[in-house]
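**Student:** here's a sequence, model it:
(one chain, ligands or ions: 1)
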Amino acid sequence: MKIAVYSAQPYDRRFLEEARLQANAAAATSSESATGAASIEAAYFSDALTLDTIPLAQGCSAVCVFVNDQLDAAVLEALHASGVRAVLLRCAGFNNVDLQAGARLGLFMARVPAYAPEAVAEHALAMVMTLNRHTHRAYARVREGNFALDGLLGMTLHGKTVGIVGAGQIGAAAARIFHGLGCHVLISDPTPLPQLAGVAQQVPLEQLLAGADIVSLHCPLMDSTRHMINATSLASMKPGAMLVNTSRGGLIDTAAVIEALKSRQLGALAIDVYEQEASLFFHDHSSDIIADDVFQRLLTFPNVLVTGHQGFFTIEAMREIAAITYRNLACYLQHQPCPNLLPAGAAAPAKP
Ligand code: NAI
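**Tutor:** Modelled structure (predicted):
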């Protein structure tokens, strides 16, 4: 069988090829091979999956996709018509998938729910540290022989209050990290989290926003969480607080955040994700004119730090993502129960 890998960068190919060869070697030595388990071939495309790029999957019975690939009803129907029966997400979030359409078509759809939650939590910490102590500016200054400290003043994190919105795999890892730094950690999550007792205090969102010096978002993007950070919630935050988003761009109303930065109600912003990131992230646009004025405005603030969706990007996470993706495929091929199936026919996904 053949799999079409969309949005494939050279680093995706490196880790996915490693896992594919391992999967084929395991199949060759397993009893399944004796009963005819086919070896897996892969075709890699740098293009994102859209209606226009579906022909690339011709002859493939599975596609492997990432965070900004389009998996709405029209795309899923066209993939199904072209013979695709399995959709493998090499990511945790699935806000870009029409679950009901997938279920209606009988597609096997699986994701990688947890690979290295600490990798994303550590990136959130890196962003907080960079923005708070201005190490990005200090690095450039020192290389120019400028050792002035003016403008580099930060705050001591020990003793500060950090609010974690969504304490699943990644949020819980972030809570433990900030607890380890001596911060007072608040968490807001609809699920009771007794396992974090002693590490964090679970409170309603309003209390978290009002009390936190740093708010870090780690909940999934759904219709109910879209723009959870808006003009009203920003006004209820502690004046001068820092907002960190390593989850999904749509959690934040960017226009409202820009106003809050201009009025200084919001003290600093660190984002690894952006609502309109699909047309920007994961590609080199350094020679292009970027037409997104909202994004360009964000970059003009000295107290805004943007990274291009790299929270997951560690060797360990990439290896785990590739291995689990091929394990999911093996479940499909061998008709075994898969623990990572997307919730079939759940509520319609968040609108783009
Ligand atoms: P998870 O499913 O383990 O945890 C999500 C948590 O959010 C759950 O505990 C859930 O109860 C909670 N939640 C749901 N609705 C909420 C609400 N309205 N308010 C507060 N909490 C709410 O997910 P995980 O693995 O921790 O990932 C979190 C998000 O991080 C993913 O949805 C994904 O969008 C993002 N992500 C970003 C990456 C990056 O590279 N920047 C990499 C991987 C994931």
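**Student:** any idea how far residue 339 is from residue 327?
**Tutor:** As judged by Cβ to Cβ, to the nearest Å, residue 327 and residue 339 stand 9 Å apart. C-beta here means a position set from N, CA and C on the backbone, and glycine is covered the same way.
**Student:** distance from stretch 302-321 to the middle of the chain?
**Tutor:** Remark: stretch 302-321 is offset 8 Å from the chain centroid, using Cα atoms, centre = their mean, to the nearest Å.
**Student:** which positions within it qualify as buried?
**Tutor:** Residues 304-307, 309, 311-314, 317-321 are the ones in stretch 302-321 that count as buried (16 or more other Cβ atoms under 10 Å).
**Student:** quick one, what contacts the nearest residue to residue 115 once chain neighbours are set aside?
**Tutor:** Of all residues not flanking residue 115 in the chain, residue 320 sits nearest, at 3.9 Å (Cβ to Cβ, 6 or more residues apart in numbering). Going by Cβ atoms under 8 Å, 6 or more residues apart in numbering, residue 320 touches 112, 115, 116.
**Student:** check which helix or strand residue 320 maps to.
**Tutor:** Secondary structure assignment for residue 320, by DSSP states H and E: helix 315-333.
**Student:** does that helix come close to the ligand?
**Tutor:** No - Helix 315-333 stays clear of the ligand (Cβ under 6 Å from any ligand atom), getting no nearer than 8.1 Å.
**Student:** next one: the residue nearest to residue 115 from residue 204, what distance?
**Tutor:** Distance, residue 320 to residue 204, by Cβ to Cβ: 34 Å.
**Student:** model confidence score at the residue of the stretch 201-350 of the chain found nearest the ligand, please.
**Tutor:** Here the residue of the stretch 201-350 of the chain nearest the ligand is residue 311; by Cβ to the nearest ligand atom that distance is 3.0 Å. Looking at residue 311, its pLDDT reads 96.
**Student:** ok, now how distant is the residue nearest to the spatial centre of the chain from residue 40?
**Tutor:** Centroid-nearest residue in the chain: residue 247, 5.1 Å away (criterion: Cα atoms, centre = their mean). As judged by Cβ to Cβ, residue 247 and residue 40 stand 32 Å apart.
**Student:** same deal with residue 48?
**Tutor:** Taking Cβ to Cβ, one finds residue 48 at 22 Å from residue 40.
**Student:** quick check: phi and psi on residue 342?
**Tutor:** Torsion angles at residue 342 (phi, psi; degrees, to the nearest 10) stand at phi -70, psi 150.
**Student:** name the nearest residue to residue 58, ignoring sequence neighbours.
**Tutor:** Take residue 58 and drop its neighbours on the chain: the residue closest to it by Cβ to Cβ, 6+ apart is residue 82, 6.3 Å away.
**Student:** what's in contact with the helix or strand harbouring residue 137?
**Tutor:** In the assignment (DSSP H and E), residue 137 maps to helix 135-143. With contacts defined as Cβ under 8 Å, 6+ apart, helix 135-143 is touched by 129, 130, 147, 148, 151, 152, 302, 305.
**Student:** can you confirm residue 234 is in a strand?
**Tutor:** No - with DSSP: H, G, I helix; E, B strand; the rest coil as the criterion, residue 234 is assigned helix and is not in a strand.
**Student:** ok, it - contacts?
**Tutor:** 256, 257, 259, 260, 265, 266.
**Student:** list the buried residues for stretch 257-272?
**Tutor:** Buried, per 16+ other Cβ under 10 Å, within stretch 257-272: 257, 258, 260, 261, 265, 266, 267, 268, 269, 270, 271, 272.
**Student:** now the phi/psi pair for residue 282, please.
**Tutor:** Backbone torsions of residue 282, given as degrees, to the nearest 10, read phi 70, psi 10.
**Student:** that one and residue 7 touch, don't they?
**Tutor:** Yes - shown here, residue 282 and residue 7 form a contact pair, counting by Cβ atoms under 8 Å, at 6.9 Å.
**Student:** who touches both of the two?
**Tutor:** What both residue 282 and residue 7 touch, as defined by Cβ under 8 Å, 6+ apart, is the set residue 68.
**Student:** those two: who's more crowded?
**Tutor:** residue 7 (22 against 17; other Cβ atoms under 10 Å).
**Student:** pretty sure residue 268 belongs to a strand, no?
**Tutor:** Yes - assessed by three-state DSSP, residue 268 belongs to a strand.
**Student:** touching, it and residue 304? I think so.
**Tutor:** Yes - counting by Cβ under 8 Å, residue 268 does reach residue 304; the two are 7.2 Å apart.
**Student:** what are the contacting residues of stretch 266-275?
**Tutor:** For stretch 266-275, contacts defined as Cβ under 8 Å, 6+ apart pick out 123-124, 127-128, 130-132, 234, 237, 239-250, 252, 254, 257, 260-261, 280-281, 295, 298, 301, 303-311.
**Student:** show me those that map onto strands.
**Tutor:** Applying DSSP state E to the contacts of stretch 266-275, the entries found in strands are 241, 242, 243, 244, 245, 304, 305, 306.
**Student:** for the fourth one, name its beta-bridge partners.
**Tutor:** When assigned by DSSP bridges, residue 244 has beta-bridge partners residue 216, residue 270.
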